[in-house]
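Trainee: Give me a model of this one.
(one chain, ligands or ions: 1)
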Amino acid sequence: MKLFPFAIVALLSLPAGASQVEVLHWWTSGGEAKAVAELKSEWAALGNQWNDFAIQGGGGKSAMTVLKSRALAANPPEAAHLKGYELKEWAGLGFLRDLTPMAEHLGWYARLPPMVRDTLSQNGALMAVPTGIHRVNWLWLNRKVFERLELTPPTDWNQFVAVAEQLKAQGVTPLAIGNEGWQLTVLFEAVALGEGGVDFYRKAFLEQDEATLTGPDMVRVLSRFHQLRAYVPKSFVGLKWHQATNQLETGEAAMQVMGDWVKGELSAGNYRPGEDVECLPSPGSAGLFSYNLDSIAMFKQRDPAQLQAQGELARLLMTPHFQQAFNRVKGSIPALVEPDMKRFDRCAIKSYQDFKAAEQSGTLLPSMAEGMATPTNTRQAIMDVLGNFFNDGRASAELTAHHLARAIRSAR
Ligand code: BGC
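Mentor: Purely as a prediction, here's the structure:
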């Protein structure tokens, strides 16, 4: 508390010289790297220096491992892409800088949608600044393939399977996906929303209700998920999410179920989201919006120059200009209230409209797959069970429901 007034001065004063920040993130695919380049160039335009600490690996698992070792060696970067429960856990351990003084002084709270403010707060303190809101429950489909084969886009999982069978018969991979636990969990989450519905999703993942985890709806959801094994690429093992998107772009595969970071990849490859590749709610999930809020947290520092650099970065991230430029490339939508969506693509506009509607109707749901709904240990336990289940052709849905409940219980 003693440092408080000083910290505020350091945070709010204008740059005396070039500020330097080291920023850890896992935005390394083609589209993601373009989004980071946008951030770097806005940072450089302020006369500052960016030290990139990029760790490959969708889902961020490797990035988090590296971050832990740096923090344990008392040498964390000034800033890191930390989100959801992971953010709350780091905050709970006392590693992160409290950004509340800046938020209060600069009037940020009025500019953050309620979901954003809640997700970024720990015991009432703001622990990170948002960079964008990703929607997770999307179905992407290659329009040319659908037109050529005269197929109708599926709006529920029965239709999905029917379409997938026809695609397969024509030699097209129905579903672009790799066997990584987190990619499979994104797919599972979409099935849980579409087959199980909102109440099921809330009970199973937010409340972790034992009866729901082992009940008939869960068995049905798991069976449907397992059925989708029949439609994955031959190169499923080790396929990265952006390589899967590549298969979708070329028409080697017809569909992908993934968050809208896919869109960054499409644009980077000159494919038009909403035109060459259609964006639809994942089957059965129209009206629902499962969100993944990306955010940057600041690690505690003593050096006034570092404090100042963090403050400047936070301020930049909160500008409407940055939020527009970055999210248009990243595939997400700005995480500020009433963003100007004029220059965004069709899918982003749909995402924003659906976000507003879901806010109103109470169907805005934290994504379990993206670490927004459960503590990190629980998410990891769920991913392990789902990964083993999907990768084993003979696994039973009934037994897996019990494994899932047990794994969640022991992760608590
Ligand atoms: C992050 C996104 C990122 C995606 C794939 C997600 O966990 O929130 O920003 O694009 O992983 O790397």
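
Trainee: mind checking the SS state of the closest residue to Asp209 other than its chain neighbours?
Mentor: Nearest non-adjacent residue to Asp209, counting by C-beta to C-beta, 6 or more residues apart in numbering: Lys203, 4.4 Å away. Any C-beta I mention is one placed from the backbone N, CA and C, and that applies to glycine too. Secondary structure for Lys203, judged by DSSP: H, G, I helix; E, B strand; the rest coil, is helix.

Trainee: give me the residue from the stretch 151-300 of the chain nearest the ligand.
Mentor: Here the residue of the stretch 151-300 of the chain nearest the ligand is Trp261; by C-beta to the nearest ligand atom that distance is 3.3 Å.

Trainee: didn't that residue look like it was pressed against Arg135?
Mentor: No. Using C-beta atoms under 8 Å, Trp261 is not in contact with Arg135; the gap is 10.1 Å.

Trainee: Which neighbours do the two have in common?
Mentor: Ser332 (C-beta atoms under 8 Å, 6 or more residues apart in numbering).

Trainee: So for those two, which residue has more residues nearby?
Mentor: More neighbours surround Arg135 than the other of Trp261 and Arg135, with 28 against 24 (other C-beta atoms under 10 Å).

Trainee: Show the model's pLDDT score for the residue nearest to the more buried one when sequence neighbours are not counted.
Mentor: In space, and not counting its chain neighbours, Arg135 is closest to Ser351: 4.9 Å by C-beta to C-beta, 6+ apart. For Ser351, the model assigns a pLDDT of 98.

Trainee: could we number from 14 for the rest of this?
Mentor: Noted, 14 is the first residue going forward, which turns the last one into Ser364.

Trainee: and Ser364, how many neighbours?
Mentor: Neighbour count for Ser364, taken as other C-beta under 10 Å: 26.

Trainee: Next: the one 3 residues further on.
Mentor: Using other C-beta under 10 Å, Asp367 has 20 neighbouring residues.

Trainee: Then Ser295?
Mentor: 28.

Trainee: Please apply the same query to Gly406.
Mentor: 8.

Trainee: Give the closest residue to it in space, chain neighbours not counted.
Mentor: Counting by C-beta to C-beta, 6+ apart, the nearest residue to Gly406 once its immediate chain neighbours are dropped is Arg242, at 6.7 Å.

Trainee: Let me know the secondary structure of that neighbour.
Mentor: Going by three-state DSSP: Arg242 is helix.

Trainee: From Leu399, how far out is it?
Mentor: Going from Arg242 to Leu399 by C-beta to C-beta, to the nearest Å gives 12 Å.

Trainee: More neighbours: which of those two?
Mentor: Neighbour totals were compared for Arg242 and Leu399, and Leu399 leads with 25 against 15 (other C-beta under 10 Å).

Trainee: Quick check on the spatially most central residue of the chain: phi, psi?
Mentor: Centre of the chain computed as the mean C-alpha position; nearest residue by C-alpha atoms, centre = their mean is Asn305, 4.0 Å away. Main-chain torsions, Asn305, degrees, to the nearest 10: phi -130, psi 110.

Trainee: sorry, back to before: show me the contacts for the residue of the stretch 164-313 of the chain closest to the ligand.
Mentor: Contacts of Trp274 (C-beta under 8 Å, 6+ apart): 42, 44-45, 147, 254, 343-345.

Trainee: Also Gly191?
Mentor: For Gly191, the contacting residues are 249-254, 256-257, by C-beta under 8 Å, 6+ apart.

Trainee: Next, it: secondary structure please.
Mentor: When classified by three-state DSSP, Gly191 comes out as coil.

Trainee: On the three-state scheme, the closest residue to the ligand within the stretch 314-425 of the chain is what?
Mentor: Using C-beta to the nearest ligand atom, the single residue of the stretch 314-425 of the chain nearest to the ligand is Glu383, 5.3 Å away. The three-state assignment at Glu383 reads coil, by three-state DSSP.

Trainee: From Gly344, how far off is it?
Mentor: According to C-beta to C-beta, Glu383 stands 14 Å off from Gly344.

Trainee: do Pro126 as well
Mentor: 18 Å.

Trainee: which of these two has more neighbours?
Mentor: Using other C-beta under 10 Å, the more surrounded residue of Pro126 and Gly344 is Gly344, with 29 against 21.

Trainee: just to revisit the earlier point, wait, isn't the residue nearest to Arg148 in contact with Val275?
Mentor: No. Between Ser364 and Val275 there is no contact under C-beta under 8 Å: 11.9 Å.

Trainee: Ramachandran angles for the residue of the stretch 164-313 of the chain closest to the ligand?
Mentor: With angles defined as degrees, to the nearest 10, Trp274 sits at phi -60, psi -20.

Trainee: Ala67 touches Glu35, doesn't it?
Mentor: No. Counting by C-beta under 8 Å, Glu35 is not a contact partner of Ala67; they are 10.8 Å apart.

Trainee: which non-adjacent residue is nearest the residue of the stretch 314-425 of the chain closest to the ligand?
Mentor: In space, and not counting its chain neighbours, Glu383 is closest to Asn305: 3.7 Å by C-beta to C-beta, 6+ apart.

Trainee: So that neighbour is in contact with Ala386, correct?
Mentor: No. Counting by C-beta under 8 Å, Asn305 does not reach Ala386; the two are 10.2 Å apart.

Trainee: list residues touching both of those two?
Mentor: Counting by C-beta under 8 Å, 6+ apart, the residues touching both Asn305 and Ala386 are 97, 380.

Trainee: Any idea how far apart the tips of stretch 279-296 sit?
Mentor: Using C-alpha to C-alpha, to the nearest Å, the end-to-end distance of stretch 279-296 comes to 21 Å.

Trainee: The stretch 314-425 of the chain against the ligand: which residues are in contact?
Mentor: Proximity of the stretch 314-425 of the chain to the ligand, by C-beta under 6 Å from any ligand atom, involves residues Glu383.

Trainee: and the residue nearest to Cys360 when sequence neighbours are not counted, what are its phi and psi?
Mentor: Using C-beta to C-beta, 6+ apart and skipping residues adjacent in sequence, the residue nearest Cys360 is Cys292, 3.9 Å away. Backbone geometry at Cys292, expressed as degrees, to the nearest 10, gives phi -120, psi 120.
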